[in-house]
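Enquirer: Just need the structure, nothing else, for what follows:
(one chain, ligands or ions: 2)
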Amino acid sequence: MAKAAKNNTLKLKFDTINYAPAPESKSSATIDAQYDLFINGKFEKPLSKKYFDTINPATEEKLSSVAEANAADVDKAAKAARTAYDKVWSKMPAKERAKYIYRIARMIQERAREFAVIETLDGGKPIRESRDIDVPLVANHFFYYAGWADKLAYAFPNRNPKPLGVAGQIIPWNFPLLMAAWKIAPALATGNTVVLKPAETTPLTALKLAEIIQESDLPPGVVNIITGAGATGAAIVNHPDINKIAFTGSTDVGKIIQRAVAGTDKKVTLELGGKAANIIFEDAPIDQAVEGIINGIYFNQGHVCCAGSRLFVQESIYKEVMRKLKDRIATLIVGDPMDKNTDVGAINSKQQLETIHKYITIGKKEGLEIFESSCTLPKKGFFCKPTLFTNVAQSSRIAQEEIFGPVLAIQTFRTDDEVIEKANNTPYGLSAGVWTDKGSKIFNLTTKLRAGVIWANTYNKFDPTSPFGGYKESGFGREGGLQGLGTYLNV
Ligand code: NAP
Ligand code: MG
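Expert: Residues are numbered from 1 along each chain as shown. Ligands and ions are numbered 1, 2, ... in the order given. Modelled structure (predicted):
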């Protein structure tokens with residue numbers, strides 16, 4: 001009898017993970033065969049005469065050819081941004097600026113489905129995430145900062161806030177459209193003009209945003225969107241007539257940028273890597289915490305700067321948490337990002353998949369215990385099974401270095417002080433999570449953890465009104481909220 005019951009539960013579990021495919025239609029999205037640079041309100045052929053391919057990481061098929069901006073193209077974009085700043089944008093009444101930002105927000109909402117589909121095709125994240133998280137947050141970010149545009153004097157009383165001028169903005173591939181919104185919306189609200197470069201592997205939604213910006217009648221040159229790889233980013237950083245660099249990406253490139261702008265009068269904000277601790281106390285609601293762990297590290301394939309990539313479980317509940325976590329991992333659906341059932345989509349690029357595999361090999365060589373999902377991966381495309389390591393030492397590279405993939409490092413602890421010390425013992429300080437029933441414990445930890453963002457009894461929740469940013473090697477400056485305005489102003 002007991003055996004039969006066990007078989008039944010196994011069968012049920014099997015059935016629940018065999019959903020019929022529910023693919024999102026591609027018909028809402030048009031992707032052109034070729035994209036030029038968006039400079040001074042027009043799509044212009046690159047002076048470099050060069051183009052590169054962007055592919056769908058889930059199928060390895062080419063989606064489009066995209067212009068590769070060289071230093072001369074960057075110069076052209078910076079000049080357009082300067083002219084627009086001097087002649088139009090810095091002189092426009094703030095409430096008029098706000099109207100354009102509201103219009104862009106509304107147009108994004110109207111074309112939300114198209115943006116979600118293109119984000120998923122170009123970057124590999126599940127359609128459910130692009131549709132329900134990324135794109136709504138993008139529209140909210142524009143709405144939120146549109147509201148601030150004519151209230152800067154109230155935001156910074158008696159400080160006569162003034163824009164900086166031209167902002168050069170460089171963003172990564174993990175939240176392509178959302179990072180563009182985080183950069184462009186506060187810059188426009190504060191009266192700056194923009195030259196933005198998306199990442200090489202995910203340029204398409206930024207180029208779609210350029211189409212919207214063009215249709216919104218935003219004065220030419222206020223926003224310029226230019227595509228390319230690292231060299232294009234470096235040309236933006238080194239351009240003499242750009243007043244501010246806003247960068248989101250790896251700590252390595254962040255350090256290069258900091259060196260490049262040292263001794264110039266450019267202002268800089270750097271949003272860099274992370275190695276967040278997600279901490280589960282014995283009095284936590286365990287089932288919710290397990291969902292939070294899953295959301296923290298397997299959400300967006302772990303391509304999240306604030307991913308809960310280190311898990312600390314209090315010893316007394318370790319066995320229970322591990323059992324529930326492994327059961328939950330077994331039900332995660334890994335595969336076609338365009339399928340609405342998919343939980344874990346494609347790794348963004350072959351190179352990133354190789355990096356993740358390198359770390360999995362390191363973990364095995366270090367003698368850590370590995371557990372991975374038993375799912376079958378698609379034959380084409382870049383995919384990685386949700387993976388976790390246990391028996392992880394504090395000194396392990398798996399616990400110290402950012403992997404940026406669906407790989408979790410698990411450690412145990414006994415006391416608050418012990419976990420605070422372990423959690424703080426990394427070069428990073430972007431985010432953390434605390435799961436407990438006790439408010440006092442939450443306050444104790446949030447004051448002692450060196451992290452810019454700390455979630456309590458939830459994880460990976462974003463809101464335009466909340467400032468986001470890091471300590472230590474996770475960078476400096478804040479995006480979002482009132483604080484996100486200040487970094488685009490002289491006050
Ligand atoms: P990355 O390699 O540093 O690239 C970020 C951007 O910088 C890309 O547009 C890249 O161009 C460009 N770039 C590369 N070399 C450059 C150079 N020498 N000068 C100027 N720009 C240069 O980072 P990634 O691998 O795309 O993104 C993952 C990283 O971003 C992770 O470390 C993650 O933690 C971090 N991240 C942080 C936050 C945050 O808010 N703190 C948010 C998201 C991501 P190409 O890609 O075209 O080469
Ligand atoms: Mg791509």
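
Enquirer: give me the number of residues near I245?
Expert: If you count neighbours by other Cβ atoms under 10 Å, I245 ends up with 24. No exception for glycine: its C-beta is placed from N, CA and C like everyone else's.

Enquirer: how far away is G123 from N424?
Expert: For G123, the distance to N424 equals 32 Å [Cβ to Cβ, to the nearest Å].

Enquirer: Which of those two has more residues huddled nearby?
Expert: G123 (31 against 17).

Enquirer: pLDDT (mean, whole number) over stretch 227-242?
Expert: For stretch 227-242, mean pLDDT rounds to 98.

Enquirer: now the helices for the stretch 251-400 of the chain?
Expert: 251-261, 286-298, 318-331, 350-365, 397-400 (DSSP state H, counting those that start in this stretch).

Enquirer: With mean neighbour count, distance to ligand 1 and mean pLDDT added, can I get these in CSV?
Expert: Listed next are the helices of the stretch 251-400 of the chain as CSV, based on neighbours: other Cβ atoms under 10 Å; distance: least, Cβ to the nearest ligand atom, whole Å; pLDDT from 0 to 100:
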stretch, mean neighbour count, distance to ligand 1, mean pLDDT
helix 251-261, 16, 3, 97
helix 286-298, 21, 13, 98
helix 318-331, 16, 23, 97
helix 350-365, 16, 7, 98
helix 397-400, 20, 14, 97
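
Enquirer: Can you name the residues of the protein that neighbour ligand 2?
Expert: 54, 122, 201 (Cβ under 5 Å from the ion).

Enquirer: For the residue of the stretch 301-450 of the chain found nearest ligand 1, which residues are in contact?
Expert: Proximity of the stretch 301-450 of the chain to ligand 1 (Cβ to the nearest ligand atom) peaks at C305, 3.1 Å away. C305 sits next to 174, 248, 271-274, 430-431, 474 when contact means Cβ atoms under 8 Å, 6 or more residues apart in numbering.

Enquirer: repeat that with 7 Å
Expert: Neighbouring residues of C305 by Cβ atoms under 7 Å, 6 or more residues apart in numbering: 273-274, 430.

Enquirer: same thing with Y144?
Expert: Taking Cβ under 7 Å, 6+ apart as the test, what Y144 contacts is 464-465.

Enquirer: Quick check: it is in a strand.
Expert: No: counting by DSSP: H, G, I helix; E, B strand; the rest coil, Y144 falls outside a strand, being helix.

Enquirer: Just confirm P136 is within a helix.
Expert: Yes: according to three-state DSSP, P136 belongs to a helix.

Enquirer: From V74, how far off is the most centrally placed residue in the chain?
Expert: By Cα atoms, centre = their mean, the chain has its centre lying nearest to F175, at 3.8 Å. F175 sits 23 Å away from V74, going by Cβ to Cβ.

Enquirer: quick one on the thing from earlier: show me which of the contacts of C305 are buried.
Expert: 273-274, 430 (16 or more other Cβ atoms under 10 Å).

Enquirer: Rebuild those residues as a markdown table, extending it with distance to G147 and pLDDT.
Expert: Putting these into a markdown table (distance: Cβ to Cβ, whole Å; pLDDT from 0 to 100) gives the following:
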| residue | distance to G147 | pLDDT |
| --- | --- | --- |
| G273 | 31 | 95 |
| G274 | 29 | 96 |
| L430 | 27 | 96 |
